[in-house]
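Student: kindly generate the corresponding structure for this input.
(chains A, B and C)
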Amino acid sequence: MDSSLHEVWQAASGSPFIPTIGKENQFLVAFVLLVLGFGLSGAFALNRSLVSLPTLAVPASLSLAVGVVYMFCAVGVYV
Amino acid sequence: MKTSAVFSAVLSLLSLASAASSDKGSSKSTLPSTFKPPQVFKNANLVHVISVEKNYVKENINVVVENIDKKAQNEYYLPFTADQISRLGGVEVKDRKDTSAGPFVAENVEFDPESDTQYLRIRLPKPLAPGAQQTLGISYYILKAYSPLPAAIKQEEAQFLTYTFSAYVPSVYTTSKQKTEVKFPSGNIPDYTKIPGSGDIKEFPQKQGTKLTYGPFDEKPAGAYEPIRVRFEFNRPVTHVGRLERDIEVSHWGGNVAFEERYTLYHRGANLSSLFNRVKWQQSQYYQQGNTHALKELKFPLRVGSIDPYYTDVIGNVSTSRFRSNKREASLEIKPRYPVFGGWKYPFTIGWNSDAKNFLRKTATGGFVLNVPFLEGPKQNEGVEYEQVEVRVILPEGAENVKYVTSIPTQSISSTEVEIHKTFLDTIGRTALVIKTRNLVDDFRDRELVISYDYPLSASLRKPFIVFSSTIAFFVAVWLIGNIELKFASVPVVSKK
Amino acid sequence: MSAETLQVLADVGKGKSTRGVLRVIILALIAGASIASRLFSVIRFESIIHEFDPWFNFRATKYLVANGFYNFWDWFDDRTWHPLGRVTGGTLYPGLMVTSGAIWHALRALTIPVDIRNVCVLLAPAFSGLTAVAAYLLTNEMTTYNSAGLLAALFMGIAPGYISRSVAGSYDNEAIAIFLLVFTFYLWIKALKQGSMLWGALCALFYGYMVASWGGYAFITCLLPLHAFVLILMGRYSTRLYVSYTTWYALGTLASMQIPFVGFLPVKTSEHMPALGIFGFLQLLAFLDYVRSAIPSRQFQTFLWLFAGGIFVMSLAALVVATSAGVIAPWSGRFYSLWDTGYAKIHIPIIASVSEHQPTAWPAFFFDLNLLIFVFPVGVYLCFQELADEHVFIIVYAVFGSYFAGVMVRLMLTLTPVVCVAGAIAISTILNNYLVAKTPTEEDQQAAEAAEKKGSKSGLKSATKPVVGIYGLWSKSLMVAGMAVYLLIFVMHCTWVTSNAYSSPSVVLASRMPDGSQHIIDDYREAYQWLRQNTKEDAKIMSWWDYGYQIGGMADRPTLVDNNTWNNTHIATVGKAMSSREEVSYPIMRQHEVDYVLVVFGGLLGYSGDDINKFLWMVRIAEGIWPDEVSERAFFTPRGEYRVDGEATETMKNSLMYKMSYYNFNNLFPPGQAVDRMRQARLPEVGPSLSTLEEAFTSENWIIRIYKVKDLDNVGRDHISATAFEKGLKKKKTTKKRGPRVLRVD
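Tutor: As a prediction, this is how the structure comes out:
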């Protein structure tokens, strides 16, 4: 294993690392997710009930979470 | 590229060994202070090539060593002064006859920190049998090697440097036959020490174009010393990087590898005898076509695919830079804010991004392997020397099982460690591999650094999960507080509206 | 998912909550717009601190972040005002630095470790978003139209009068102070309307924050009492007023006294006396109110007169005695200049030398407020129509603010909020009258019916009653379209002004290359970086005070004087050194341990903000202290012209500033062709010579020139004879060189 890092590198030449979302799409994805997230948060703010916690708050948090991470990447802070 | 791949494979073992024992701090090993290298070798024939063409000294010793002991020996010592050894770097030893043997291990031996003589120990991979001979090619670099003479010159005058060395190679062994060649950047060598010749040559050195040759000499005992000083024209900047911090940050989410380099750059050439005069500078730019000893420009040939370069210093962006990028090259040319003259300092920062696919690959076992250049400094005709280089590879948060291999000479690596670096959206901090090296030069540009690590899915989902959990906690809190508030505030709300 | 969302939204959105959500979205967009319009300079140049004062604030913030709050509080800065130093911690308004420090720490806690520089650069735009919201709240207290609040928020967000001090990078006290100003006013109105101690206390809290942030807090300190006083005069004394005012004053004064720089000023200086006076007056009124309810009215009359008269005489006497005894400081010079615009020019040239302290030229009002300046009076008029307590406030503020904005360019800033509020009230009233979509026939019919019914009773009223709305489609659409066009023009004007006038960092200059591409002239930073890297850590730099903060911030070197201007004599000393002959200047520089002298010279590039153009102020300020040694008249030709060419006076030509500016300059041109492009003057063929200074650095475009002060001569000669001697020697050397060349071996 040790001496073969170069070989590992050579062997992996067929599988370069490709991110799930390419750099050019990061902003779009992040923006859509954030808008969605904020929209859902707004909806939750208007209708704060136990039911809307799983139906609105959880999806809102999810899209905000992924949206925030991608927005960071999109503005050049590659996290 | 190919050769480096070959010998770094061997080297990898050693690097890992040193990585494992990182707390030792350096690759020096300790010997008793009474140590004297045993007289087991003889230098049968030796050619010493000193190159002062660049702003560091590159020395090549090609030597045929012979074992004169009765036992097989594998440790060859090379002496340096304490001052030299602190400026010595990039030692590489090869077998001239058998290139496949790969680089030999060379390391600084520490026995008595007070002693003025220090040793570099070269370990032959196979002990040399008694009476047998082996041809070694030893190459090393000495930094901060010159002193300008005159020490202060006018802005438009040419700069001259001096370098002092011994006509006979410093050796702890008897040398039967040797020759010293000095290569200069130009034929303008106004002063050099002359010594009586031997054989049919009356006087050393012999001058041929830009080369001076001392020798051949006949047998010299161990420790023979004959000081030689040369003074030569070097009308180019003596660029010295006191410290280079190079950060390489890998992002899996963004699919990016970000580079940032922070230079502390000095000009070690002759100082200005009268202070900077802009009129003369502008005139010399115009008439002399920029032939000057001031540093005006640095060229960084970056890897193809580099994007978004920036060039800043402590007070902000520097606008005097050009970046050319196409399919074949990505060249960053920067100008310091002011021309850097001798004795002046100019620290700056550059950085750029690149797609992760250029450097990062997935392995068959599910891990990742990263291959980045260890050093990517400027490429100048006059060369660049680096006193300290600290390369920090910041892997994603939660990366583990970090292994690395580099083709940088082990003698120059002073320490390696894995630490934690905390930055944007980090909760536990990112894994960072820090390699500290000393006394490197720009000849080591593009030496590889290969790192493999594991990055489990759970670790990669940490960031969104943190954001998710905090927002959901916020929502729940809002929901809870909202419920309480409604009961309290219903009456006044109505009355207000 | 989105369909589901829409459904939920549709379910929820019936009723006023939809409007609420809409308002929140609109406000968020307005805040976003106001932030975005301030980012011109970041996009065009970089994230950089602008101009002069912000560099100090930035440096102080870095100190705060690096050394913690308590060290910041006790900060003695020995790198400014050499050799005096400055008790910086006790002589600044810490609000701005503490705010950005807190934001920086908060962001770090949120795992966003941004650079403190970026926090500082973007603080002003971020707070302008908040200001827009505060303007919305304030306006909503004035009128029942919600649109007025939104319009006010929009105006506040993009009015150039405010943008001028709050673009990204303009990291000055005003960046947060205007938000605090508007928000304090909002809280004051809220407290006054409700007579609530809670709101009054909140008002005091934000007032305290305001005091910690900006010297302009005196504006609030005077405006609120004035408002209260006007209300009392109008016979509107009420317990609401009493509660809100006393709460605000008591708590607010205590809060303001916590700031070391303010300390006991609130009870000592005349600027703060109105607030104290009104506070006392309100106590009296409250007391009288109580007495009136207790005793019969006739006795009360006499009691009132005696009591009121007695108190007035007593307090006036107390004030006079206290002022003459020096317990209460008289009005400061800066304050006088607010009454008499010529005062500063005569008595305190250092204040007059700052361009933003000049009286406002009238086009500036149009430039900074555009359309709003027309609708502002309309809004004030509408306030007169309603004239509740809060409308009185707007009127008082409008009068007060307009006056001060006319006196000093800089105070346009305090006028802008009220202009935005009044303008928004006016425009929303107009729009509400013309835009209401329903001109239904039913209503018309009803009105007509009512008119008919009434008409049967009295003919006169029927003619007036139905005419309470504009129903004609033409007039409506014309009016609305007109307003829309005006508003669009306003937005365009604001964008244009922001982009062209207020978004230059002034540290970096932009010019156009012949091919139209942008070329950055970065001489300031070139020279500052040179100073920072290639001079001794404690090399003292002498320059005119304008550059003190920049040298401290960018070059990190000690300076003699800076933009704090607290010590006029020290500044005058520098002025004297600059405007005197070398023989006079050299001892001054030696005494102050000056290592380098920095001048700004725009002659090569045609840059107007250079030291030769500011030179007369140096002369004036120096003359103020040493009238015998420096005389402004001597710098003018007999014909009264200020010249730098061959005709310049001897005093001018021998002044250190002139010599430093033009030293070596003529070598750049063919003999006799040297031209100062700034002043369009042809310079004499022989340039000035310097003997006590030597040129150390000149930036690429010659904007910054740095000279090193020579050490004392080795042989004890004075520098002039030493230079002369060397020149003679040099001549000999050159004659020698004509002979066979000798190789010099060191």
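
Student: thought residue B:247 was touching residue B:392?
Tutor: Yes. Checked against CB atoms under 8 Å, the pair residue B:247 and residue B:392 is within contact range at 5.0 Å. The way it works is simple: take the backbone N, C-alpha and C, and place the C-beta from them, glycine included.

Student: beta partners for whatever residue of the stretch 551-700 of chain C ends up closest to chain B?
Tutor: Closest approach of the stretch 551-700 of chain C to chain B (CB to the nearest CB) occurs at residue C:698, with a separation of 3.6 Å. Assessed by DSSP bridges, residue C:698 has beta-bridge partners residue C:705.

Student: tell me the contacts of it?
Tutor: B:276, B:277, B:278, C:664, C:704, C:705, C:706 (CB atoms under 8 Å, 6 or more residues apart in numbering or on different chains).

Student: what does residue C:174 give?
Tutor: When contacts are counted by CB under 8 Å, 6+ apart, residue C:174 is found next to C:165, C:166, C:214, C:216, C:413.

Student: now for those, which pair is the farthest apart?
Tutor: Considering CB to CB, no two members of those lie farther apart than C:166 and C:216, which are separated by 13.8 Å.

Student: and these two? Which one has more around it.
Tutor: Looking at residue C:166 and residue C:216 with other CB atoms under 10 Å in any protein chain shown, you find the greater number of neighbours at residue C:166, namely 28 against 22.

Student: so that one: helix, strand or coil?
Tutor: Three-state secondary structure (criterion: DSSP: H, G, I helix; E, B strand; the rest coil) places residue C:166 in coil.

Student: thinking again about what came up before, show me which of the contacts of residue C:174 is closest to chain A.
Tutor: Within the contacts of residue C:174, distances to chain A taken as CB to the nearest CB reach their minimum at residue C:166, with 22.5 Å.

Student: hey, where'd the strands end up in the stretch 601-746 of chain C?
Tutor: For the stretch 601-746 of chain C, applying DSSP state E, counting those that start in this stretch gives strands covering C:675-676, C:681-682, C:693-698, C:704-709.

Student: oh sorry, the question was meant for chain A
Tutor: Counting by DSSP state E, chain A has no strands at all.

Student: how near is residue B:418 to residue B:260?
Tutor: Using CB to CB, to the nearest Å, residue B:418 is found at 19 Å from residue B:260.

Student: what's the neighbour count on the closest residue to chain C within chain A?
Tutor: Evaluated by CB to the nearest CB, chain A has residue A:46 as its residue closest to chain C, separated by 4.3 Å. The local packing count at residue A:46 equals 18, with neighbours defined by other CB under 10 Å.

Student: so the residue sitting nearest the centre point of chain B: helix, strand or coil?
Tutor: The residue lying closest to the centre of chain B (CA atoms, centre = their mean) is residue B:440, at 2.9 Å. Applying three-state DSSP to residue B:440 yields a three-state assignment of strand.

Student: which residues are in contact with it?
Tutor: Listed by CB under 8 Å, 6+ apart, the contact set of residue B:440 reads B:89, B:90, B:141, B:375, B:385, B:386, B:389, B:408, B:412.

Student: those residues into CSV, with extra columns for neighbour count and pLDDT?
Tutor: Below are those laid out as CSV (neighbours: other CB atoms under 10 Å in any protein chain shown; pLDDT from 0 to 100):
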residue, neighbour count, pLDDT
B:89, 27, 90
B:90, 24, 89
B:141, 26, 94
B:375, 22, 92
B:385, 28, 93
B:386, 27, 94
B:389, 26, 94
B:408, 25, 89
B:412, 23, 90
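
Student: mind picking the two most distant members of these?
Tutor: Largest pairwise distance in those, by CB to CB, is 14.6 Å, between B:385 and B:408.

Student: up against chain C, what does chain A have?
Tutor: Contacts of chain A with chain C, taken as CB under 8 Å from any CB of the partner chain, map to A:36, A:39, A:40, A:42, A:43, A:46, A:47, A:52, A:55, A:56, A:59.

Student: mind checking what secondary structure residue C:75 has?
Tutor: For residue C:75, the reduced secondary structure class is coil; criterion used: three-state DSSP.

Student: cool, residue B:247 as well?
Tutor: Classification of residue B:247 using three-state DSSP returns strand.

Student: and the closest residue to it other than its chain neighbours, how far is that from residue B:322?
Tutor: Residue nearest to residue B:247 in three dimensions, not counting chain neighbours: residue B:260, with 4.5 Å by CB to CB, 6 or more residues apart in numbering or on different chains. Distance, residue B:260 to residue B:322, by CB to CB: 19 Å.

Student: and the two? Which one has more around it.
Tutor: Comparing residue B:260 with residue B:322 by neighbour count (other CB under 10 Å), the higher total belongs to residue B:260, at 18 against 13.

Student: wait, that one sits on residue B:349?
Tutor: Yes. Applying CB under 8 Å, one finds residue B:260 in contact with residue B:349, separated by 6.6 Å.

Student: count the residues that sit near the residue of the stretch 351-500 of chain C found nearest chain B.
Tutor: Distance from chain B to each residue of the stretch 351-500 of chain C (CB to the nearest CB) is smallest for residue C:390, at 15.9 Å. With neighbours defined by other CB under 10 Å, the count for residue C:390 comes to 20.

Student: doesn't residue C:143 make contact with it?
Tutor: No. Applying CB under 8 Å as the test, residue C:390 and residue C:143 come out as separate, 9.5 Å apart.

Student: same question for stretch C:435-447, mean pLDDT?
Tutor: If you average the pLDDT over stretch C:435-447, you get 58.

Student: and for stretch C:129-143?
Tutor: Averaging the model's pLDDT scores along stretch C:129-143 yields 93.

Student: distance between that stretch and the chain's centre?
Tutor: 21 Å (CA atoms, centre = their mean, to the nearest Å).

Student: pull the residues that contact that stretch.
Tutor: Taking contacts as CB under 8 Å, 6+ apart, the residues outside stretch C:129-143 that touch it are C:27, C:30-32, C:34-35, C:146, C:148-157, C:162, C:178-179, C:182-183, C:185-186, C:189-190, C:193, C:383, C:390-391, C:394, C:417, C:420-421, C:424-425, C:428-429.

Student: only alpha carbons, please: show it as PDB.
Tutor: As requested, C-alpha coordinates have been extracted for stretch C:129-143 and formatted as PDB (Å, rounded to 0.1, in the frame of the first residue of the first chain):
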ATOM      1  CA  GLY C 129     -30.900  47.900   4.800                       C
ATOM      2  CA  LEU C 130     -31.800  48.200   8.400                       C
ATOM      3  CA  THR C 131     -32.200  52.000   8.000                       C
ATOM      4  CA  ALA C 132     -34.700  51.300   5.200                       C
ATOM      5  CA  VAL C 133     -36.700  49.200   7.600                       C
ATOM      6  CA  ALA C 134     -36.500  51.800  10.400                       C
ATOM      7  CA  ALA C 135     -37.700  54.400   7.900                       C
ATOM      8  CA  TYR C 136     -40.700  52.200   7.200                       C
ATOM      9  CA  LEU C 137     -41.500  51.900  10.800                       C
ATOM     10  CA  LEU C 138     -41.100  55.600  11.400                       C
ATOM     11  CA  THR C 139     -43.300  56.500   8.500                       C
ATOM     12  CA  ASN C 140     -45.900  54.000   9.500                       C
ATOM     13  CA  GLU C 141     -46.400  55.900  12.700                       C
ATOM     14  CA  MET C 142     -47.200  59.000  10.700                       C
ATOM     15  CA  THR C 143     -49.900  57.800   8.400                       C
END
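
Student: now for whichever helix or strand residue C:322 is part of, which elements pack on it?
Tutor: Counting by DSSP states H and E, the element that carries residue C:322 is helix C:297-325. The helices and strands touching helix C:297-325, judged by 3 or more CB pairs under 8 Å, 6 or more residues apart in numbering or on different chains; DSSP states H and E, are helix C:273-294.
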